[in-house]
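Chemist: I would like to see how this sequence folds:
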Amino acid sequence: MLALPSQTPGLSERYGLSKEDARRAAWAVDPDGRKHGGAAAINRALAELPGAWPRLAGLYRLAPVRVVEDAGYEVVARTRHWLSSLTRTAPECDDPGVDCG
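Modeler: Purely as a prediction, here's the structure:
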């Protein structure tokens, strides 16, 4: 598994994602090109980790879990700038040295 920041030059174009797609959510792309966005992407990444993480990620296949995780992801994604102020962690796009498009 390879993790790359969305600001990597040419990455969005390579995987057929718009800049808005990349701003809106985390993405995981399978070797066969299948795309997973948001909570699905996080679970796809967890499935590649050792230990109990793949079993935890497998719960996402259950509809009630998926609904809750998707809703939770959307809340965090919409409020990430506000949440980052609570943790005093600046989002990458607030860094003047990072081109977020």
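
Chemist: nearest residue to the spatially most central residue of the chain other than its sequence neighbours?
Modeler: In the chain, the residue lying closest to the centroid (CA atoms, centre = their mean) is residue 26, at 1.8 Å. Nearest residue to residue 26, sequence neighbours excluded (CB to CB, 6 or more residues apart in numbering): residue 41, at 4.5 Å. Just so you know, the C-beta spots here come from the backbone N, C-alpha and C atoms, and that holds for glycine as well.

Chemist: which elements pack onto the host helix or strand of the one you found?
Modeler: In the assignment (DSSP states H and E), residue 41 maps to helix 39-46. With contacts defined as 3 or more CB pairs under 8 Å, 6 or more residues apart in numbering; DSSP states H and E, helix 39-46 has these neighbours: strand 27-29, helix 53-58, helix 63-78.

Chemist: check which helices and strands the last one sits against.
Modeler: Read that as helix 63-78. Using 3+ CB pairs under 8 Å, 6+ apart, helix 63-78 is in contact with helix 39-46.
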